[in-house]
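Q: Fold the following for me, if possible:
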Amino acid sequence: MAASASYQEPSDVLKRLFLPPKDPSLTLSSDYEWLVVTQEPPLPSVALLAKPEEKLAGIRFDPALFAPSRLDYATTLAVQHMATGDKQELDLPSNSEGIRYIRFHPAKPLFVFSSKVKDELLLELYKCELVEGKWNKTKIPLEGRMNFVYGCAYQFAADTDNLLVKVIPEGWPETPPEEPVSTGPAIQAVAKDARKAPGRTYQDLLKNEFDETKLKHYLTTELLCVDTATLDVTPVKQSSGGRLIQSLQTSPCGRFVLAQLTTKFSYSVPIRRFGKDVQIWDLQSDSIVSVASLPIDDEIPLSYDACSRHPRSFHFHPCEDHTIIFAKALDGGESLSEPFEGERDAMYTQPLDASSLTLGDPAKLIGLEWRYADLSFCESGMAIVEEYRWKDRMERKWILGTDGSKTMLWERSWEDRYTAPGEPMTRRGARGQHFIVQPSATSLYLQGPGASPLGDRPFLDLLDFGSEEHQKTRLWRCTAPVKGELDAAKEVGGIIPTERADIYESIVVLLKDNDTIMLSRESKTTPRNYYLTKLSDESKAEVQITHFEHPQPDLLGISKELVQYKREDGVDLTANLYLPANYDGTPRPTLFWAYPREFKDAKAAGQVKGSKHRFVSAHWASPIHWAAKGWAIMDDFSLPVIGEGDAQPNDTFIEQIVNGAKAAVEYVTKRGVCDPKKCAVGGHSYGSFMTAHLLSHTSLFAAGIGRSGAFNRTLTPMSFQSEDRSIWEAPDIYITMSPLMHVKKYSEQEKVGKLLLIHGEADENSGTYPMQSERYFAALKAFGIESRLVILPHERHSYRAKESILHMAWEQEQWLQSLDP
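A: Numbers count the residues shown, from 1 in each chain. Below you'll find the model as predicted:
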């Protein structure tokens, strides 16, 4: 039966839970002394989603506003002093509908923001500055409209008061040329002896010449240089007439801009892989220095160990005035080819002579045996370089000394959370650049989630690498839980703490005195709030910065437990078990919710993830709401898909998720909290895909909920999720992993669970076209399987509109009602 229906709303308790106030947004100043607090209203109306939008080259935007479509705006603005808590509420501009895009000056108590003008398709620019102890806002006059189509329209130049602003060229037409009846055939071709060019399943690609014309119209921008002290505006001459700007970065000295400009278009890859010119613009003249001219990057192999064969990752060296850094594959970017003289990637520096405006020859900074991942500098000039190898999930970090020396910091599997040493802590430093924080020449701070058998307990360490044997000192760790065995070696001072509490804490930032920390704290019943304290203060005195209240009081009383159990092959599994308030100990209908994850190591797959002491709240996509309806919830129950050695995880995908689901159901059934005849399973995206498989290959579940999933892997033939083999390399995997191919088996299960499919009509996610759910529903219908397909108008992969989310909740409530009448 097909029908068009009006939007519905769920029961009162679910309506309250699905419409909580949004969490306030926090923006820290560059010196970490000030906090801007803004508040957006709850979910927008579907009318916002219904506004016209363009879908070109992998981006979606509002063609009338020249900004991303579906923007939310904050309707309150306050600035708070971190140390004292003094707070100043600021009125929005009198003509404002709301604000967004807050950006702080790199060195001063000054920030800028955009204000949406009421009833107009216009964003105006304001600055807000601390003057004699008060924050004052001032409109920044601009000749042209700002262009936000491909990123924020403005950014501060390093080490100056200048703000670079992208604007629509003067006299530019408001709309592109009228679409012709036809521009002729859209033609793509592969030349004889061309390189292989596999392409993943991208959405919203260019389709024809008119799409190119439209993209040029909306992306063309000029650049203005605004002095935020005097409000003087100077056009950047190199952008005169308009350029297709992909990205901009100013040099640390503030004089030069590294501009990446789109030059060549493609119908097979999104804009980030279009051909481009990389140039240096001198803000003191009209000079342009060419750095590189790159072709369309559509030849990258599917392997996650592969990369572009062209120079990539261009940026300025943060410690030098105007030196370029870039990466280049030495093996042609091919994961299967042999490394060149033992190296796959290398990083290069290329200095700019500011007098002659000429680039020097590239000089090799470091060669890497694996693939380049990241490069971060300390203010001293020392750097940390990261490389990775996908095939076995390995990573290395190297210390690159100012003398060119290269010392390994560590080599490890990134899947092993228990031994994760953390990441070097960074902070904004000289000339507005971000640097790794170094308290001394031979030390740095490491910050990590602190995974353990008791759950995550974030930490801050001091790493001294001055001697051959590196030394770590634990400076701070999340308060230990009341129950559970602790390892003194991993506690502050090597001492088991006597004060313990069931809370979750993490460090937000270490302030510039290298003693004061801003941390967040929450518990199961208390929402996240922020505090200042000092590492050196033995009394642990602190200042509470925020006082946010519980946004969903209907969840109070619901219990949360991190449970552990085993799969039949011995792999350790975990889940977050939620039980309703005033639970009476009897078996309850149980909703299982999950998202499968791939691993190369069985021990890592079995490690505990998350913390049972985090605040119990329910995002729209969460299943936790159903605990308020009396259900037991097994949220994020582990479904690891493991492929050790030469085996790949997906070689046995179905067997592993089936065994994981059996173990979860058996565990809660033995606990006495689950009625095995009243089990439902669900998930979003890859969790929806999982749901279809579990209903096809087991009789564990009486009902399923699959949102925004993909069910036919032949429609994503050149890789999906973490699978980097193509359908021609692994045809059996693609067929076996397609729920569409198992519908007959689904219909023959001893207990055929019914399936609710929900999908956003405008899903933009790679591979999860709405057609995936439509075709799968047609197959279910062909075999008479009880099912329902709901297409939410205007919604993308994640749902936004109030009407959509309440209707989704109503659909799920109605679907599950038969299990708990």
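
Q: any idea of the pLDDT on Ile705?
A: Predicted confidence (pLDDT) at Ile705: the value is 98.

Q: now swap in Gly404 and tell me
A: 88.

Q: For the longest strand along the chain, C-alpha coordinates in PDB please.
A: Criterion DSSP state E: the longest strand present in the chain is strand 674-684. The C-alpha atoms that make up strand 674-684 are tabulated as PDB, following Å, rounded to 0.1, in the frame of the first residue of the first chain:
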ATOM      1  CA  CYS A 674      15.300  -9.000  28.300                       C
ATOM      2  CA  ASP A 675      12.200 -10.800  27.100                       C
ATOM      3  CA  PRO A 676      13.800 -12.700  24.100                       C
ATOM      4  CA  LYS A 677      10.400 -12.800  22.300                       C
ATOM      5  CA  LYS A 678      10.300  -9.000  22.300                       C
ATOM      6  CA  CYS A 679      13.600  -8.000  20.900                       C
ATOM      7  CA  ALA A 680      14.000  -5.300  18.300                       C
ATOM      8  CA  VAL A 681      17.200  -4.100  16.500                       C
ATOM      9  CA  GLY A 682      18.100  -0.900  14.700                       C
ATOM     10  CA  GLY A 683      20.700   1.400  13.500                       C
ATOM     11  CA  HIS A 684      21.500   4.400  11.300                       C
END
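
Q: For the stretch 401-550 of the chain, which segments are assigned as strands?
A: Remark: strands assigned in the stretch 401-550 of the chain by DSSP state E, counting those that start in this stretch are 406-413, 423-424, 426-428, 434-436, 443-448, 459-464, 471-477, 504-510, 516-522, 529-534, 542-544.

Q: Show me what the third one is in contact with.
A: Taking CB atoms under 8 Å, 6 or more residues apart in numbering as the criterion, the residues outside strand 426-428 that touch it are Ser30, Asp31, Tyr32, Pro106, Ser376, His434, Phe435, Ile436, Val437, Val509, Leu510, Lys512. Using the backbone N, CA and C atoms, a C-beta is placed for each residue, glycine as well.

Q: these two touch, right, the fourth one and Asn162?
A: No: under the criterion of CB atoms under 8 Å, Pro106 is not in contact with Asn162, lying 10.5 Å apart.

Q: which neighbours do these two share?
A: Common neighbours of Pro106 and Asn162 (CB under 8 Å, 6+ apart) are Phe156.

Q: low pLDDT regions in the protein?
A: 1-4 (pLDDT under 70).

Q: May I see the buried residues of the lengthiest helix in the chain?
A: The residue-count maximum for a helix in the chain (DSSP state H) belongs to helix 653-671. Of all the residues in helix 653-671, those buried under the rule 16 or more other CB atoms under 10 Å are 653-654, 656-661, 663-668.

Q: on that earlier part again, closest one to Leu694 among the strands of the stretch 401-550 of the chain?
A: strand 406-413 (28.6 Å; CB to CB).

Q: buried residues in the closest one?
A: By neighbour count, and taking 16+ other CB under 10 Å as the criterion, the buried residues in strand 406-413 are Leu409, Ser413.

Q: now what about it, what contacts it?
A: The set of residues external to strand 406-413 that reach it, using CB under 8 Å, 6+ apart, is 366, 384, 392-401, 419-421, 465, 470, 600-601, 604.

Q: Helices - which of those residues land there?
A: Reading helices off those with DSSP H, I get Ala604.

Q: hang on, Lys745 is in a helix, isn't it?
A: Yes: if the criterion is DSSP: H, G, I helix; E, B strand; the rest coil, then Lys745 is within a helix.

Q: Quick check: closest non-adjacent residue to it.
A: Ser696 (5.6 Å; CB to CB, 6 or more residues apart in numbering).

Q: And that neighbour, how close does it get to Val681?
A: 12 Å (CB to CB, to the nearest Å).

Q: Ok, Ala153 next?
A: Distance, Ala153 to Val681, by CB to CB: 45 Å.

Q: returning to what we had before: in terms of helices and strands, where is the residue nearest to Lys745?
A: helix 686-697 (DSSP states H and E).

Q: which residues sit against that helix?
A: 593-596, 639, 653-654, 657-658, 661, 681-683, 700-701, 704-711, 721, 739, 742-743, 745-746, 749, 752-753, 755, 757, 776.

Q: now stretch 486-500
A: Gly450, Ser452, Leu454, Phe459, Arg474, Leu475, Trp476, Arg477, Thr479, Ala480, Pro481, Val482.

Q: Ser804 should be in a helix, yeah?
A: Yes: counting by three-state DSSP, Ser804 is found in a helix.
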